[in-house]
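In: The sequence and its predicted three-dimensional model are supplied below.
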Amino acid sequence: MLDFLTGDLRAVVLGEQPGSWSGYFQANVATDLGIPERQNPKFMMVTGMCNLRRGGGSRLQPSAAMCYVAEITSGKLAAYAVPWSPSQYAAGQPQNNALVLVGVTRFRQAMGGGPGTEGGAGGARR
């Protein structure tokens, strides 16, 4: 879930039993992308799968679930993975961790915000 006003990104994972939840994860996309508070961000979000390298054992590993969030006025994109503990899940212990920022990139140049705004084209009106 993405809160378009604050940039808070939250993910939850269902448990094995009906109506139970086994994981809560969060990040702030606006902070990670360097979006100023005064800007009115315009986010787009999509989820997908990615086969990131995983280690063995009980430590946190990136799950295959990914979340991609773009901010269209800045042209920036962030990718997040869910840090997963197979041993905590098997033991029925709830997980509560920050989403892992896998990377940030630009998918295009920032859009002009109009005259007199940051990133705007052309400068002030006459």
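Out: Looks like it came in fine.

In: Student question: in this protein, what's the helix or strand with minimum average pLDDT?
Out: helix 86-90 (a mean of 84; mean pLDDT, DSSP states H and E).

In: Can you give me the buried ones in that helix?
Out: Using 16 or more other C-beta atoms under 10 Å as the test for burial, helix 86-90 gives 88-89. Placement of C-beta: from N, CA and C, glycine included.

In: Skip ahead from that helix and say which helix or strand is next.
Out: Scanning forward in sequence from helix 86-90 by DSSP states H and E, the next helix or strand is strand 95-98.

In: Now do the buried residues in the following helix or strand past that following strand.
Out: Using DSSP H and E, the helix or strand that follows strand 95-98 in sequence is strand 100-106. Judged by neighbour count using 16+ other C-beta under 10 Å, the buried positions of strand 100-106 are Val100.

In: Now do the same for Val29: its pLDDT.
Out: Predicted confidence (pLDDT) at Val29: the value is 97.

In: Kindly list the longest strand within the chain.
Out: Longest strand in the chain, counting residues (DSSP state E): strand 61-71.

In: got the contact list for it?
Out: Around strand 61-71, the neighbours that count as contacts under C-beta atoms under 8 Å, 6 or more residues apart in numbering are 2, 9, 11, 29-30, 33, 35, 41-55, 76-86, 99-100, 102, 107.

In: which non-adjacent residue is nearest Ile72?
Out: The spatial neighbour of Ile72 that comes closest, neighbours along the chain excluded (C-beta to C-beta, 6 or more residues apart in numbering), is Lys42 at 4.8 Å.
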